[in-house]
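Asker: Generate a structure from the sequence data that follows.
(2 chains)
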Amino acid sequence: MINIIELTKSFGKFRALDNINLLLEKGQAISLLGPNGSGKTTLIKSILGLVIPDKGIITINGKEVSNNWAYRSHIGYMPQIGRYPDNMSIGQVINMIKEIRSEEKKYDDDLIKGLGIDKLENKTMRSLSGGTRQKVSACLAFLFSPDIFILDEPTAGLDPVSSEILKEKITAERNKGKLILITSHVLSDLEGITSHLVYLQEGKLAFYKTVEELQDITGELKLNRVVAALMQQTQPKKMSV
Amino acid sequence: MNTIVKYVALDLVRNKIVLVYTLLLATLSFSVLSIDSNTSKGLLSLLNITLLFVPIISILFATIYFFNSIEFIELLLAQPVKRTRVLLAEYTGLASALCLAYALGIGVPVLFLSPNMAAITLLVSGLLLTLCFTAMALLIFVLFKDKTKGIGAAIIIALFFSLLFDGLLLMFIYSFSDYPIDKPILGIVAFNPIDLARILMLLQLDVAVLMGYSGALFKKFLGSATGSIYAVTCMLFWVIVPLMLSRRVFKRKDL
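Answerer: Numbering: from 1, shown residues only, chains lettered A, B, ... in the order given. Predicted coordinates for the structure are as follows:
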């Protein structure tokens, strides 16, 4: 579904992404991992067309992303930080996005109900806490049941109950055969959701493997142990200095 | 695009700063116009208020607003809409909210208390100034990554056009006063939207000849009608050019 070929992006001298090749398929739930500043958000933003790559091609369902916008109707995006105009109410934000994506008439309001957003409809965005704003972002990402979900730190700032509801929703969508791309530092949240791991290191692709393969390699079962073991393997130079 | 314009404007009409701005302009215009029975004087005072307040408030408010909505713009760009459309919709929404504030604050009292051609011209020049300076704010937004630098640039631009430009122009006139510089000055004035607004208004009042060198020049060379058309056209350029540039830059901007 998403095919990334030789993607390179620099910000000034800093290489955010260095020759990334990835092929992401339907039904996969991919966790995008890596230390801070390793290029995770840049990669996501390149897929969304928010960041314009220096080199390389991204195709979604065979169509190239650059200078194209229609493909985004297949994507539900949940940003890391959701900020909305202060005086808009939650209801207005939701209606606005609905009007923008007017070709989509079937709405999936599981999350709106599940997270209790429907009861807050008239609250202005200014008065909301960070967590509630995060919930609104989640609702917007899932509202149109797209084929691809791109979730940037979805559970950061959510309370445990909401976080569970969101995780259940993600699992349900994965089981429907959707492609889910997720970044998170909370590895325990990814447990049970993710099927593949992509690890970025200083803008380079360190590995892209299924969870089972990695469990075999490292001999660990828990996701956080697996990742910890891998991180030590990928950074031998720094450890020895 | 209309959807975004609608919701941005809806958000802004409930913005406290926009409300205060409207009320401030309304209070000023009512008080100034009711002081003197000679409305021509009142309009002149309002012109000075417009030239002082509108550029700096428009450019500063717009710059801050654009930088604050960067995450929201990102969210919009993740939807199936064209990049440039989102940008122009943000501009249109903001510009229409500020124009509405000006029209209510100055336009309504002026047209109510002294309905004549000069009042309409004041309204038009104020609205054009709003459009010019919000367009410049948009350009600042697409050029700068950092909000603080952007606000700094906005202040510098506003001060440049409202204070520095006239100083430089005076210096130019002074040092070349032995040469026939009348026509070049007509051209140079076109580079300052605030001067253009002033001239546009002065051409309507009889005081044009008394109000400085460039006003007198305009009256002499172009006459009221041609002068007004020239000033309005130049101001429209000041709206369109920054918008086109912003559109170009934004096409390749990383968010």
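Asker: With adjacent residues omitted, what lies nearest to residue A:136?
Answerer: residue A:90 (5.9 Å; Cβ to Cβ, 6 or more residues apart in numbering or on different chains). (Glycine included, C-beta is placed from N, CA and C.)
Asker: From chain A, how far off is the spatially closest residue to residue B:231 that is not a sequence neighbour?
Answerer: Nearest residue to residue B:231 in three dimensions, chain neighbours excluded: residue B:200, at 4.2 Å (Cβ to Cβ, 6+ apart). Applying Cβ to the nearest Cβ, to the nearest Å, the value for residue B:200 to chain A is 34 Å.
Asker: wait, is residue B:200 part of a strand?
Answerer: No: Residue B:200 is assigned helix when assessed by DSSP: H, G, I helix; E, B strand; the rest coil, not a strand.
Asker: could you point out where chain B is predicted with low confidence?
Answerer: Along chain B, segments meeting pLDDT under 70 span B:206-215, B:222.
Asker: Chain A too?
Answerer: A:234-241.
Asker: List, one by one, the residues from chain A near chain B.
Answerer: Proximity of chain A to chain B, by Cβ under 8 Å from any Cβ of the partner chain, involves residues A:11, A:45, A:48-52, A:69-73, A:75, A:77, A:79, A:81-88, A:92, A:96-97, A:99-101, A:137, A:140.
Asker: In which helix or strand does residue A:177 reside?
Answerer: Per DSSP states H and E: residue A:177 is located in neither a helix nor a strand.
Asker: need the contact list for the spatially closest residue to it that is not a sequence neighbour.
Answerer: Once flanking residues are discounted, residue A:177 sits nearest to residue A:27: 4.7 Å by Cβ to Cβ, 6+ apart. Going by Cβ atoms under 8 Å, 6 or more residues apart in numbering or on different chains, residue A:27 touches A:174, A:177-179, A:195.
Asker: Helix, strand, or coil at residue A:27?
Answerer: With three-state DSSP as the criterion, residue A:27 reads coil.
Asker: swap in the one 10 residues further on?
Answerer: At residue A:37 the chain is in coil, as set by three-state DSSP.
Asker: ok, so what distance separates it from chain B?
Answerer: 15 Å.
Asker: what packs against the longest helix along chain A?
Answerer: The longest helix of chain A (DSSP state H) is helix A:160-175. On a contact count with 3 or more Cβ pairs under 8 Å, 6 or more residues apart in numbering or on different chains; DSSP states H and E, helix A:160-175 meets helix A:110-114, helix A:130-142, strand A:148-152, strand A:179-183.
Asker: want to throw those into CSV with distance to residue B:217 and mean neighbour count?
Answerer: Compiled in CSV, the helices and strands packed on helix A:160-175 are given as follows (distance: least, Cβ to Cβ, whole Å; neighbours: other Cβ atoms under 10 Å in any protein chain shown):
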stretch, distance to residue B:217, mean neighbour count
helix A:110-114, 64, 19
helix A:130-142, 56, 23
strand A:148-152, 58, 23
strand A:179-183, 62, 24
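Asker: Mind putting these into JSON lines with distance to residue A:230?
Answerer: Below are those laid out as JSON lines (distance: least, Cβ to Cβ, whole Å):
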{"stretch": "helix A:110-114", "distance to residue A:230": "32"}
{"stretch": "helix A:130-142", "distance to residue A:230": "28"}
{"stretch": "strand A:148-152", "distance to residue A:230": "22"}
{"stretch": "strand A:179-183", "distance to residue A:230": "16"}
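Asker: Of all these, which one is nearest residue A:18?
Answerer: strand A:179-183 (18.0 Å; Cβ to Cβ).
Asker: what angle separates the closest one from strand A:148-152?
Answerer: Orientation check (axes from the mean of the first three to the mean of the last three Cα atoms, to 10 degrees): strand A:179-183 against strand A:148-152 gives 10 degrees.
Asker: one step back: quick one: closest of the helices and strands packed on helix A:160-175 to residue A:165.
Answerer: helix A:110-114 (4.7 Å).
Asker: List of residues touching the closest one?
Answerer: By Cβ under 8 Å, 6+ apart, helix A:110-114 touches A:94, A:117-118, A:135, A:138-139, A:142-143, A:165-166, A:169.
Asker: change it to 6 Å
Answerer: A:118, A:138-139, A:142, A:165, A:169 (Cβ atoms under 6 Å, 6 or more residues apart in numbering or on different chains).
Asker: got it, and stretch B:166-175?
Answerer: In contact with stretch B:166-175 (Cβ under 6 Å, 6+ apart) are no residues whatsoever.
Asker: Buried ones in that stretch, by neighbour count?
Answerer: By neighbour count on 16 or more other Cβ atoms under 10 Å in any protein chain shown, the buried set for stretch B:166-175 is B:166, B:169, B:173.
Asker: so is the first one in a helix, a strand, or just coil?
Answerer: Look at residue B:166: counting by three-state DSSP, its state is helix.
Asker: Residue B:138: what's it in contact with?
Answerer: B:91, B:246.
Asker: Okay, it and chain A: tell me how far apart.
Answerer: 16 Å.
Asker: wait, is that residue part of a helix?
Answerer: Yes: assessed by three-state DSSP, residue B:138 belongs to a helix.
Asker: quick one: it and residue B:249, what's the gap?
Answerer: Separation of residue B:138 from residue B:249 (Cβ to Cβ, to the nearest Å): 10 Å.
Asker: Around residue A:107, how many other residues sit close by?
Answerer: 14 (other Cβ atoms under 10 Å in any protein chain shown).
Asker: where's it, which helix or strand?
Answerer: Assigned by DSSP H and E, residue A:107 falls outside every helix and strand.
Asker: For it, which phi and psi angles does the backbone take?
Answerer: Here is the backbone geometry of residue A:107 (degrees, to the nearest 10): phi -110, psi 140.
Asker: repeat for residue A:145
Answerer: phi 30, psi 70.
Asker: Chain A contacts on chain B?
Answerer: Neighbours of chain A within chain B, by Cβ under 6 Å from any Cβ of the partner chain: B:3, B:7, B:11, B:14-15, B:71-72, B:74, B:77-80, B:82, B:252, B:254-255.
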